[in-house]
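Asks: A predicted structure for the sequence below; I have some questions about it.
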Amino acid sequence: MTKGKLIVISAPSGCGKSTIINSILDDESIGLEFSVSATNRAPREGEEDGVHYHFLTTERFRDAVENGEFIEWEEVYPGRYYGTLKSEVDLQLAKGHNVILDIDVKGALNVKKSYGEDACLIFVEPPSIPELQRRLLKRGTDTPEQIVTRVGRAEYEISFAPQFDKRVVNEDLNDAVEETKALIKEFLA
Ligand code: 5GP
């Protein structure tokens, strides 16, 4: 049986990443499995343990790090850890399934180091920083301070984009979904 491949999607917040990933997962012609990450952050409303994340205590997360249970892990925000579990990914790959990961830029680059040609890193980015700012303001879910933080983080993440295999500019969400799907199909073909 052929071994499966990894698709890694990274994007600053406000770039439509969740919508893009959900559309990809719903597309049976692509047939990807989602890698459920582990985190020590609290679940948000509507999030289920084992579905959106494996919600761990900080102690359990640290144990998992020490036991070598992660392919990669990062402190994405101060005190907030996120990691890709070997148990989520390697079993699926061994079965020949292709897996999609929603992880931050540094995690993505670490996955590339381990999986090389078996991983395709896709970076979804806004048309520009002012446009991202405008979208976050329009969304209305963040305070002005949070918007400044998100935009700063976006600039930092965009600085890693040249190291990704593919880049998709989300000018129009539907187009970005289609473009991402086409890149994935091409990689898996
Ligand atoms: P959120 O808390 O909003 O769900 O996610 C925050 C950030 O953590 C997002 O950029 C997401 O891509 C990233 N993230 C989620 N899971 C992982 C993971 O397993 N590893 C890494 N490195 N980042 C992750």
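Replies: Yes, it's here.
Asks: Just give the number of residues close to the residue of the chain found nearest the ligand.
Replies: Across the chain, the shortest distance to the ligand (CB to the nearest ligand atom) belongs to residue 107, at 2.4 Å. The C-beta positions use only the backbone N, C-alpha and C, and glycine is treated the same way. Here the number of neighbours of residue 107 (other CB atoms under 10 Å) works out to 23.
Asks: and if you look at residue 180?
Replies: 23.
Asks: can you pull the contacts of it?
Replies: Listed by CB atoms under 8 Å, 6 or more residues apart in numbering, the contact set of residue 180 reads 9, 20, 24, 122, 124, 168.
Asks: okay, now residue 88: neighbour count?
Replies: For residue 88, the count of nearby residues is 21 (other CB under 10 Å).
Asks: pretty sure it contacts residue 35?
Replies: Yes - with contact defined as CB atoms under 8 Å, residue 88 and residue 35 form a contacting pair (4.5 Å).
Asks: any common contacting residues for the two?
Replies: By CB under 8 Å, 6+ apart, the residues touching both residue 88 and residue 35 are residue 99.
Asks: Run through the chain and note the low-pLDDT ranges.
Replies: Applying pLDDT under 70 to the chain flags the ranges 1-2.
Asks: How about the contacts made by the most centrally placed residue in it?
Replies: Centroid-nearest residue in the chain: residue 102, 1.8 Å away (criterion: CA atoms, centre = their mean). Neighbouring residues of residue 102 by CB under 8 Å, 6+ apart: 9-10, 17-18, 21, 34-35, 37.
Asks: Among those residues, name the buried ones.
Replies: Among the contacts of residue 102, those classed as buried by 16 or more other CB atoms under 10 Å are 9-10, 17, 21, 34-35, 37.
Asks: and these near the ligand, which?
Replies: The subset of the buried ones among the contacts of residue 102 lying close to the ligand, counting by CB under 6 Å from any ligand atom, consists of residue 37.
Asks: so can I have TSV of the buried ones among the contacts of residue 102 showing distance to residue 49 and secondary structure?
Replies: Output for those, formatted as TSV (distance: CB to CB, whole Å; DSSP: H, G, I helix; E, B strand; the rest coil):
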residue	distance to residue 49	secondary structure
9	22	strand
10	24	strand
17	21	helix
21	19	helix
34	15	strand
35	15	coil
37	12	coil
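Asks: Before I go, just wanted to say thanks for your time.
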